[in-house]
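J.: Next comes the sequence, and after it the predicted model I'd like to discuss.
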Amino acid sequence: MSRRLGRRFFARSPIELAPDLLNKVIVTPVGSARLVEVEAYCGTDDPGSHAYRGPTPRTEVMFGRAGHLYVYFTYGMHWCANVVAEHQGTAGAVLLRAATPLTGIDGMYERRVKANRPHDLCSGPAKLCQALGIDGEYNGLDLAASAFGVSIRDDGTPPPSRPAQGARVGLSRGVDLPWRWAVPGVKDVSRPRL
DNA sequence: ACCGGGATGTTCT
DNA sequence: GAACATCCCGGTG
């Protein structure tokens, strides 16, 4: 029993949205996983954001409607997925960094050939995408609509009342901003541990 | 455990 | 031509 998150849930500041996404469930046609680590990216105000220098063909969806997926390709081999926040015209997004696998786990091991343990399946933004079969085809997809079997859902598990919080990972600008959140004590988070 | 380097190609300067 | 919201492997301690 779970309910799909709607537009209103996503249409606010990434800093408010990000911690509220903890313990929500992401569902794709090949499986599902509980989100345990996220990062906020605050558009044109945030030197660490892809949208900092204004819209480009790549970042167009970050400026669009809340609840769409922003999926980008990086380091020549990896996909990473964000949920778009804010209202149309204002860029903002939450990077999905790590999750605990729930269903479709056999398939996750097949796609994540190097993984030997459950907490190696979704413990990083690119691992999560590979495990759940998310790639560039998912860019711009609307999570708040029917969306080809893709959604983020509330199954009744609340976000942690005291999430772990710290600096974001892998940036050269905006490194100081504490806009990374995680569920404390879970094994499926990315490195470095909060 | 922690650290350093290589892979690999798109995006933007 | 440089940078890149990463991952994996092999070194060392």
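T.: Noted; the coordinates are in hand. Only a predicted model underlies this, so the values are computations on that prediction, with no experimental measurement involved. Numbers count the residues shown, from 1 in each chain, chains lettered A, B, ... in the order given.
J.: What count of nearby residues applies to the residue in chain A that DNA strand C sits nearest to?
T.: In chain A, the residue that lies nearest DNA strand C is A:Gly170 (1.8 Å; C-beta to the nearest atom of the strand). Where you see a C-beta, it was placed from the backbone N, CA and C, and this is true even at glycine. A:Gly170: 11 surrounding residues under other C-beta atoms under 10 Å.
J.: State the helix or strand in which it lies.
T.: Under DSSP states H and E, no helix or strand contains A:Gly170.
J.: The residue nearest the centre of chain A sits in which helix or strand?
T.: Nearest residue to the geometric centre of chain A (C-alpha atoms, centre = their mean): A:Leu96, 1.7 Å. Assigned by DSSP H and E, A:Leu96 belongs to strand A:93-103.
J.: Now that strand - C-alpha only, PDB.
T.: Extracted as PDB, the C-alpha positions of strand A:93-103 are listed here (Å, rounded to 0.1, in the frame of the first residue of the first chain):
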ATOM      1  CA  ALA A  93      16.600  19.800  -8.100                       C
ATOM      2  CA  VAL A  94      17.400  17.000  -5.700                       C
ATOM      3  CA  LEU A  95      20.000  14.400  -6.600                       C
ATOM      4  CA  LEU A  96      19.100  10.900  -5.700                       C
ATOM      5  CA  ARG A  97      22.400   9.600  -4.200                       C
ATOM      6  CA  ALA A  98      21.600   6.200  -2.500                       C
ATOM      7  CA  ALA A  99      18.800   3.800  -1.700                       C
ATOM      8  CA  THR A 100      18.100   0.500  -0.100                       C
ATOM      9  CA  PRO A 101      16.900  -2.100  -2.600                       C
ATOM     10  CA  LEU A 102      13.400  -3.400  -2.100                       C
ATOM     11  CA  THR A 103      12.200  -5.300  -5.100                       C
END
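J.: Check which residues of it are buried.
T.: Buried residues in strand A:93-103, counted by 16 or more other C-beta atoms under 10 Å: A:93-101.
J.: What parts of chain A come near DNA strand C?
T.: Counting by C-beta under 7 Å from any atom of the strand, chain A comes close to DNA strand C at A:39, A:41, A:48-51, A:62, A:70, A:74-78, A:80, A:82, A:93, A:95, A:112, A:114-115, A:120, A:124-128, A:168-173, A:190.
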